[in-house]
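Undergrad: test case, fold it:
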Amino acid sequence: MASLESITKTLSELSIASTASVSHAQAKSPAAWREALQSDPAAPKSFELVKTLVFKPKTAKNATPIPIVVIARDETETSSVLASEDLLSEFFSLDKDSLSPLAINEQTFPKVVTIVDASIASSTSPLAVHALSSSSTLFLSGQDLITYLRKLETADTKLHEIDFVALKAEGGATAPAPAKPVEKKVEKEDAKIEGAPQVAIGVKKEVDFSAWYTNVLLKADMLEYYSVSGCYILRPWSFSIWEVIQEWFNAKIKEMEVENAYFPMFISAKALEREKDHIEGFSPEVAWVTRAGQSDLEEPIAIRPTSETAMYPYYAKWIKSHRDLPLKLNQWNSVVRWEFKSPQPFLRTREYLWQEGHTAHLTKAEADKEVLEILDLYRRVYEELLAVPVIPGVKSEKEKFAGGDYTTTNFSKPEMFNIFVEDPNDPTGQRKTFVWQNSWGSL
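TA: As a prediction, the model looks like this:
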């Protein structure tokens, strides 16, 4: 580990002089660190702590992770999945209590994505940074800290400045994606339309589609950002579109003798995990309720990511004979999937409105017929109500849920929910036949 003297020497070679340096007891938390500095007469009377956080982005199993290093004032709000001690040791040979902006050097800078709080450069108070140890601290000016980091830039690797206060106001402070967007900042600047009035979109669609899309929704009063990241307020203009879809689609499915029902949004862990293959694709995104007031629940309760595991045990209870078929239920509700990828209004959100139809049939032919009818209704919703062209297709193997056939599903099998009736075509009355099920939904 580098000594305080060697670090001071490295900084002096860049014409950077620390305001002060302090050796103190090991600090295992920001509060302990602040207390140690405030009790040392060598420390400035007023100062700000600088935190250095390392985030491990979500990557494929075999992919090499590119850590995201965030350097910010201690009070700046940031959130993401912190990297493990193993990753800190691998990249920086430090623990979390010793980590510092000074751990970013010519060797480590190209291997990570470095993000700095834009407000650091304008800081008037001395900034306290660990001298690569939890028991020593250097005090630098904000401008000197930025200068140190800028000296590490190369043609391929740049320092990224982010205004975290503005980011929070726009929808929550989160660490960005792991890719190294070398030219991203320039693209955003180029996308701006110079001289555009405040009521205009203000961004070129062909240059920055994401910013253009968000601006359209905000300027059109279709949505508002909410205090929970990834969730959005649907304002009357956008919700009225959903009401038009509901009214039209509801009338059509009732003509097909589909009835509306409602199942609770909470699903027990036992019920959710009953069909593990089906829920496997949702498990990282399931939101769990674990407390009621100040008490822990005996069993965590999931907020539905989809309703198969909530509904089908009751289908097995209600379907006793072929005379109970077909059973056709639909429900209008919202589901929660705690997406970790960048949320996008109306496209990828953590809670969204939808309808989900779940039907059970005696024969595959009946199920097939309904599938084609529902797919045609969805086509008409997109083309006739939303003016979006549709190309019909069949799901690939990777797109199917567990138990899926092509678009019909067979959750009725014994290893799933065991939904069966006596075969009405068997003269002996002994043969059982499993029902054919469809599930269909739109959002």
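
Undergrad: so residue 352 sits in a strand?
TA: Yes - the assignment for residue 352 is a strand, going by DSSP: H, G, I helix; E, B strand; the rest coil.

Undergrad: enumerate every residue touching residue 98.
TA: Residues in contact with residue 98 (Cβ atoms under 8 Å, 6 or more residues apart in numbering) are 1, 130, 132-134. C-beta here means a position set from N, CA and C on the backbone, and glycine is covered the same way.

Undergrad: list just the nearest of those to residue 153.
TA: Taking Cβ to Cβ as the measure, residue 153 lies nearest residue 132 of the contacts of residue 98, at 21.1 Å.

Undergrad: for the closest one, helix, strand, or coil?
TA: The assignment at residue 132 comes out as coil when based on three-state DSSP.

Undergrad: tally of neighbours for it?
TA: 21 (other Cβ atoms under 10 Å).

Undergrad: outline the domain layout of this structure.
TA: Following the TED database, one gets these domains for the chain: 4-170, 243-261+317-442.

Undergrad: dump those domains to TSV, plus mean pLDDT.
TA: Shown next, in TSV, are the domains of the chain (pLDDT from 0 to 100):
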stretch	mean pLDDT
domain 4-170	82
domain 243-261+317-442	85
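
Undergrad: could you dump those domains to a markdown table with distance to residue 201?
TA: Formatted as a markdown table, the domains of the chain follow (distance: least, Cβ to Cβ, whole Å):
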| stretch | distance to residue 201 |
| --- | --- |
| domain 4-170 | 16 |
| domain 243-261+317-442 | 15 |
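
Undergrad: of all these, which lies closest to residue 311?
TA: domain 243-261+317-442 (5.5 Å).

Undergrad: and that closest one, how far from the chain's centre?
TA: The gap between where domain 243-261+317-442 is centred and where its chain is centred comes out at 27 Å by Cα atoms, centre = their mean, to the nearest Å.

Undergrad: what of stretch 98-114?
TA: The answer for stretch 98-114 is 26 Å, by Cα atoms, centre = their mean.

Undergrad: residue boundaries of the helices in the stretch 301-443 of the chain?
TA: For the stretch 301-443 of the chain, the helices defined by DSSP state H, counting those that start in this stretch cover 308-318, 364-380.

Undergrad: can you check the stretch 151-300 of the chain too?
TA: Going by DSSP H, counting those that start in this stretch, the stretch 151-300 of the chain shows helices at 164-171, 184-191, 209-219, 236-255, 269-272, 276-279.

Undergrad: just for the stretch 151-300 of the chain, where's the confidence low?
TA: Applying pLDDT under 70 to the stretch 151-300 of the chain picks out residues 166-200, 274-282.

Undergrad: so what's residue 47 up against?
TA: So residue 47 contacts 37, 125-128, 139 (Cβ under 8 Å, 6+ apart).

Undergrad: same question for residue 146.
TA: Per Cβ under 8 Å, 6+ apart, neighbours of residue 146: 116, 120-121.

Undergrad: again, only this time at 6 Å
TA: Counting by Cβ atoms under 6 Å, 6 or more residues apart in numbering, residue 146 touches residue 121.

Undergrad: do the same with residue 13
TA: Counted by Cβ under 6 Å, 6+ apart, residue 13 has zero contacts.

Undergrad: over to it: give its phi and psi.
TA: Per-residue torsions, residue 13: phi -70, psi -20 (degrees, to the nearest 10).

Undergrad: can you check residue 118 too?
TA: According to degrees, to the nearest 10, residue 118 has phi -60, psi -20.

Undergrad: ok, now residue 263?
TA: Torsion angles, degrees, to the nearest 10, at residue 263: phi -110, psi 150.

Undergrad: which residue, other than its chain neighbours, is closest to it?
TA: The shortest distance from residue 263 to any non-neighbouring residue, by Cβ to Cβ, 6 or more residues apart in numbering, is to residue 310 (5.0 Å).

Undergrad: relative to residue 301, how far out is that neighbour?
TA: Separation of residue 310 from residue 301 (Cβ to Cβ, to the nearest Å) stands at 11 Å.

Undergrad: one more: residue 20?
TA: 53 Å.

Undergrad: neighbour-wise, which of the two wins?
TA: More crowded of residue 20 and residue 301, by other Cβ under 10 Å: residue 301, with 19 against 16.

Undergrad: and that one, what does it touch?
TA: Per Cβ under 6 Å, 6+ apart, neighbours of residue 301: 266, 289.

Undergrad: do that again at 8 Å, thanks
TA: 266-269, 288-289.

Undergrad: for these, which one is nearest residue 355?
TA: Checking those one by one against residue 355 (Cβ to Cβ), the nearest turns out to be residue 267, at 18.2 Å.

Undergrad: how near is the closest one to residue 308?
TA: 10 Å.

Undergrad: ok, now residue 11?
TA: Residue 11 is 60 Å from residue 308, where distance means Cβ to Cβ.

Undergrad: ok, the two, which is more surrounded?
TA: Using other Cβ under 10 Å, the more surrounded residue of residue 11 and residue 308 is residue 308, with 27 against 19.

Undergrad: which pLDDT value belongs to the more buried one?
TA: Among the per-residue scores, residue 308 holds a pLDDT of 87.

Undergrad: against residue 34, how distant is the residue lying closest to residue 135 once chain neighbours are set aside?
TA: Distance criterion Cβ to Cβ, 6+ apart; nearest residue to residue 135, sequence neighbours excluded, is residue 26 at 4.8 Å. As judged by Cβ to Cβ, residue 26 and residue 34 stand 14 Å apart.

Undergrad: of these two, who's got more company?
TA: In this view residue 26 and residue 34 are compared by other Cβ under 10 Å, and residue 34 has more residues nearby, 17 against 13.

Undergrad: was I right to think the more buried one contacts residue 48?
TA: No - in this structure, residue 34 is not within contact of residue 48 by Cβ atoms under 8 Å, at 9.8 Å.
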